[in-house]
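Engineer: no sequence for this one, just the structure:
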């Protein structure tokens, strides 16, 4: 019975580690795509560059945050949990600030006002 428990624990750890890497990879891909797209907007002198860049960064941070939350499943020590908690808090604050910036930028670009 203990072998089954250890096997299930190892399987869970591998699934979580793979999923974490996958989520972080998606976040990196989104960030690189957004950077290239924003550079093209900058060349074309498009006014929506700040909005596009902020939205891409926010989405990339959401994927990275998801990876960090998944990582908490396999944490073994309190010190490691504290570090992960700090990273999650920092990324959540950054996401909040970027969403605030997106709202302000959308208001600035809105021709009705």
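Structural biologist: Nice, thanks for sending it over. The shown structure was predicted, so the numbers you read here are calculated from the model rather than taken from an experiment.
Engineer: Quick check: longest helix in the protein by residues?
Structural biologist: Longest helix in the chain, counting residues (DSSP state H): helix 2-43.
Engineer: Which strands or helices does that helix pack on?
Structural biologist: When contacts are defined as 3 or more CB pairs under 8 Å, 6 or more residues apart in numbering; DSSP states H and E, helix 2-43 packs onto helix 49-71. C-beta coordinates here come from the backbone N, C-alpha and C atoms, glycine included.
Engineer: got the contact list for the helix it packs on?
Structural biologist: 16, 19-21, 23-24, 26-28, 30-31, 33-35, 37-38, 41-42, 84, 87-88, 91-92, 94-95, 98-99, 101-102, 105-106, 109 (CB atoms under 8 Å, 6 or more residues apart in numbering).
Engineer: what about the host helix or strand of residue 104, distance to the chain center?
Structural biologist: Taking DSSP states H and E as the criterion, residue 104 maps to helix 78-109. Distance, stretch centre to chain centre, for helix 78-109: 9 Å (CA atoms, centre = their mean, to the nearest Å).
Engineer: Which positions within stretch 62-78 qualify as buried?
Structural biologist: 62-68, 70-71 (16 or more other CB atoms under 10 Å).
Engineer: Can you pick out the most distant pair from those residues?
Structural biologist: Spatial extent of the buried residues of stretch 62-78 (CB to CB) is set by the pair 62 and 71 at 15.0 Å.
Engineer: Report how many residues lie close to residue 106.
Structural biologist: Residue 106 is flanked by 13 other residues according to other CB atoms under 10 Å.
Engineer: right, I mislabeled it, should have said residue 88
Structural biologist: 16.
Engineer: which regions of this protein lie under the pLDDT threshold?
Structural biologist: The chain contains residues with pLDDT under 70 at 112-113.
Engineer: Go again with 80.
Structural biologist: Applying pLDDT under 80 to the chain flags residues 76, 111-113.
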